[in-house]
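Q: what shape does this take:
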Amino acid sequence: MLLNNFIMNKSMILSFLCIITYITNFAQSKKSKDIQSIKSMCGCFKIDFNFAETFVFSEDEDYKKSKTYKSGGLEWGHLIVDENNKISIQHLLIVGSKQFPTIVKHWRQDWLYQNTGLYKYDKNDKWSFVNMNKKDVKGQWTQKVYQVDDSPRYEGTSSWVHIDGKSYWENTTPAPLPRREFSKRSDYNVTLRGNRHEVTNSGWVHDQDNKKIQKDDGSQFVLAHEKGYSTYTRVPDEDCKAAVEWWEKNSNKWKMVRDKWNSIYGLNQDLTLKPTVDDKKLYSYLFSPEVVEKVDIESTIDMFLMD
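A: Just a heads-up that it's a prediction; the model follows:
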């Protein structure tokens, strides 16, 4: 009897250990696929941006839809942080002729594994800091998207999905108006972004289903829906050589910018920014070749912080 119990208990322990080993290996394999998918957004890409306003819900008879927006160019995705639980990609836009290209520091995306803190956009240059439970973000990646000056834009957390030969990440989160809109539209103040990042055989796609919302204290109204479809088609890295060289010359400055912002984000508290100072946006100051020293960078960013 004792021998049978011993054999049974040993068998149960072995089965339990096998299950734990399987779960651990599966999680590690899943995370490796996640990391591979995120890093596939690095490199040189021919980009095509397409946005069209679709359904309109405004009751204003004089309401005018945004014109269909199309643009494109070359973009370099540079891997600036490569850690087990954090990946950061800086995007650099290449415009102008091949002989005389101009490099524009574009958006940045950070990916954090099982992150529990989010800056959720509210409205009118205000972000609320949100704490999440560890169990609610298990296996998930937070995508943090930043403006060209590394100020906050939007953040969301979801799981990467790998099924039927597809790898994608989906999330819906509020955000400020995109640059193509904020200088033209004043009838809404929040974009509810439905983001889908999908890896393809030729590169990757940023598929968007957005809502244009006018949000006030205690109420909000959806003015219209918008479809966005941006394709990133991989081309030889040599085509983005000018961006790589530009980043080598300017990366130290932008590390100081990120370090300053990280000290602000690390406070884990609500954040409100001034839209302009002396009628100038933050990026106008930081893009200046005269703002290169740490003290100047930090004081410039401080000017835009609301008390």
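Q: now do the buried residues in stretch 46-62.
A: 46, 47, 49, 51, 53, 58 (16 or more other Cβ atoms under 10 Å). In this view, the C-beta of every residue, glycine as well, is placed from N, C-alpha and C.
Q: can you check the pLDDT for the fourth one?
A: Reading off the per-residue confidence, residue 51 sits at a pLDDT of 98.
Q: then the second one?
A: We have a pLDDT of 97 for residue 47.
Q: that one should be in a helix, yeah?
A: No: using DSSP: H, G, I helix; E, B strand; the rest coil, the assignment for residue 47 is strand, not a helix.
Q: how deep is the closest residue to it other than its chain neighbours tucked in, by neighbour count?
A: Closest residue to residue 47 apart from its sequence neighbours, by Cβ to Cβ, 6 or more residues apart in numbering: residue 75 at 5.0 Å. For residue 75, the count of nearby residues is 21 (other Cβ atoms under 10 Å).
Q: could you say which helix or strand holds residue 75?
A: Residue 75 is located in strand 69-82, with elements delineated by DSSP states H and E.
Q: where do the strands sit along the stretch 151-300 of the chain?
A: Secondary structure of the stretch 151-300 of the chain (DSSP state E, counting those that start in this stretch): strands located at 152-158, 160-163, 166-175, 190-200, 203-216, 219-234, 271-272.
Q: which strand residues bridge residue 162?
A: Applying DSSP bridges to residue 162 gives these bridge partners: residue 167.
Q: wait, residue 207
A: Bridge pairing for residue 207 - DSSP bridges - gives residue 196, residue 229.
Q: isn't it up against residue 231?
A: No: contact criterion Cβ atoms under 8 Å: residue 207 and residue 231 do not qualify, at 9.4 Å.
Q: spatially central, which residue of the protein would that be?
A: residue 145 (2.8 Å; Cα atoms, centre = their mean).
Q: hang on, that one in a helix?
A: No: secondary structure assignment (three-state DSSP) places residue 145 in strand, not in a helix.
Q: find the nearest non-adjacent residue to it, please.
A: Nearest in space to residue 145, with sequence neighbours left out and distances taken as Cβ to Cβ, 6+ apart, is residue 153 at 4.5 Å.
Q: how near is the residue nearest to the centre of the chain to residue 265?
A: Distance of residue 145 to residue 265, computed by Cβ to Cβ, to the nearest Å: 13 Å.
Q: and if you look at residue 62?
A: Taken as Cβ to Cβ, the span from residue 62 to residue 265 is 41 Å.
Q: contacts only, for residue 237.
A: Residues near residue 237 by Cβ atoms under 8 Å, 6 or more residues apart in numbering: 43, 44, 244.
Q: on that earlier part again, is the residue nearest to the centre of the chain in a bridge, and if so with what?
A: residue 109, residue 154.
Q: same question, residue 127
A: Bridge pairing for residue 127 - DSSP bridges - gives residue 121, residue 271.
Q: number of residues surrounding it?
A: Residue 127, neighbours per other Cβ under 10 Å, totals 24.
Q: then the one 10 residues further on?
A: The burial metric for residue 137, expressed as a neighbour count using other Cβ under 10 Å, is 20.
Q: ditto for residue 306
A: Residue 306: 10 surrounding residues under other Cβ under 10 Å.
Q: next one: residue 90
A: Residues lying near residue 90 (other Cβ under 10 Å) number 24.
Q: before we move on, the earlier item: can you give me the pLDDT of the residue nearest to the centre of the chain?
A: For residue 145, the model assigns a pLDDT of 98.
Q: OK, contacts around it?
A: 107, 108, 109, 153, 154, 155, 175.
Q: which one of these is nearest to residue 163?
A: Nearest to residue 163 among the contacts of residue 145: residue 109, at 23.0 Å, using Cβ to Cβ.
Q: bridged to the residue nearest to residue 47, which residues?
A: Note on residue 75: beta-bridge partners residue 45, residue 93, judged by DSSP bridges.
Q: and it, how far from residue 282?
A: Relative to residue 282, residue 75 is positioned 22 Å away (Cβ to Cβ).
Q: one more: residue 186?
A: Taking Cβ to Cβ, one finds residue 186 at 20 Å from residue 282.
Q: which of these two has more neighbours?
A: The neighbour comparison of residue 186 against residue 282 (other Cβ under 10 Å) goes to residue 282, with 21 against 10.
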